[in-house]
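> missing the sequence, but the structure's below:
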C-alpha cells in the first residue's frame, strides 16, 4: 500500500514539474508584452496611425508612412518569393527520387540559416549599387530571399501529405503529370501552402538589418518602389536611438503595432493549420 502512495506522489511530482516547465516560456513573452504595452499604449491613437512624422525636435506626428512602407515591402517580397518558393516546394515533393531535389533542399536549408544582415548586404550589392540609391525594391529583394526557404520547405512538407491515391486516380483518368500537379495536388494542399506563406510574412515583418542596407527609410509618404521607404522596424530603430523623448514614446507605439501585426499573422497561420489538421483527421 505504501508503495502505491509513493508512485502516486512521484507521478504527481513529475506531472507538476512538466506543467511548470511548460509554463515557464510564457513568462518572458508576458513580460515583453506587458513592458511594450505599458510603454507605448499612451501613444496609440487614430492620429498616430494616420499621420506623417513631424520634423526632428517637434512633438506629435505618426507612423502612417511606415505602415504603408511595411505593406509595400511585404507585397514586393511576396511577389518575388511566393511563386518561386511554391514551385520549388512542388518540385521537391513530386520529384523526390532524383539528385537535383536533394541539392535544392540542401540549398534551401542553408539559405534559411544565413544571417539577415548578410542578406541585406547581398541585396545592397545586387540592387542598390546598380541603381545608385536606396529603394523599396532592394528591400523587397532582401526580404524575399528570407521568405523563399520557409515557403519551399513548408510547401514540400504539406504536399508530401497529399495522399498518393489522389495522384494515381488523376493519372488513371488520363490527366498528364503536370495537370495532376496543378489541378489536384496543389489545390489539395493550398491551405497548408497559405499557412507557410503567412508564416514567412510574419518572419520578415520585423526584420530591420536588411532594410538598413536597402530601403533605408523615408520621412515622407511614397508609393514608388524605386525610392527609399520607411518601415515599422526602421521607425523603431531610428526613434529608439534618437535623443528625443517623444520619439522614444513613438518607438514603443510602433512596437505595439508591429507586434500586433506579427501576432495576427501567426494566429491566422495557426488557425489554418488547425483547420488542415481537423480535415485530415476527419478524412
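Nice, I can see it. Worth saying up front: this structure is predicted, and the values here are computed from it rather than measured.
> pretty sure residue 211 is touching residue 234, no?
Yes - using CB atoms under 8 Å, residue 211 is in contact with residue 234, at 5.5 Å. (Each C-beta comes from the backbone N, C-alpha and C, glycine too.)
> more crowded one of these two?
residue 211 (31 against 24; other CB atoms under 10 Å).
> any idea how far residue 203 is from residue 245?
In this view, residue 203 and residue 245 are 32 Å apart by CB to CB, to the nearest Å.
> Check residue 266 too.
In terms of CB to CB, residue 266 sits 32 Å off from residue 245.
> Now tell me what touches the helix or strand hosting residue 104 from outside.
Take DSSP states H and E as the rule and residue 104 turns out to sit in helix 99-112. The contact list for helix 99-112 (CB atoms under 8 Å, 6 or more residues apart in numbering) reads 88, 91-92, 95, 145, 148-150, 152-153, 156.
> Make a markdown table out of those residues and add secondary structure, distance to residue 134 and pLDDT.
Formatted as a markdown table, the contacts of helix 99-112 follow (DSSP: H, G, I helix; E, B strand; the rest coil; distance: CB to CB, whole Å; pLDDT from 0 to 100):
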| residue | secondary structure | distance to residue 134 | pLDDT |
| --- | --- | --- | --- |
| 88 | helix | 29 | 94 |
| 91 | helix | 34 | 92 |
| 92 | helix | 35 | 92 |
| 95 | coil | 40 | 85 |
| 145 | helix | 17 | 96 |
| 148 | helix | 22 | 96 |
| 149 | helix | 25 | 95 |
| 150 | helix | 25 | 95 |
| 152 | helix | 28 | 95 |
| 153 | helix | 31 | 92 |
| 156 | helix | 35 | 93 |
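> now that we have the residues you listed, which one has the most neighbours?
residue 152 (29 neighbours).
> Does that one touch residue 90 like I think?
No - contact criterion CB under 8 Å: residue 152 and residue 90 do not qualify, at 9.5 Å.
> Just the helices from the stretch 151-283 of the chain, written as ranges.
164-172, 177-180, 186-188, 190-205, 209-213, 232-240, 245-282 (DSSP state H, counting those that start in this stretch).
> Please work out which of these is packed deepest.
helix 209-213 (a mean of 24; mean count of other CB atoms under 10 Å).
> List the buried residues of the helix holding residue 104.
Neighbour-count burial for helix 99-112, counted by 16 or more other CB atoms under 10 Å, picks out 101, 104-105, 108.
> quick check, nearest of those residues to residue 11?
When these are ranked by distance to residue 11 (CB to CB), residue 105 comes first, at 42.6 Å.
> Let me know the distance separating the closest one from residue 45.
48 Å.
> What helix or strand is the residue nearest to residue 151 when sequence neighbours are not counted located in?
Using CB to CB, 6 or more residues apart in numbering and skipping residues adjacent in sequence, the residue nearest residue 151 is residue 85, 2.9 Å away. In this structure, residue 85 sits in helix 64-94 according to DSSP H and E.
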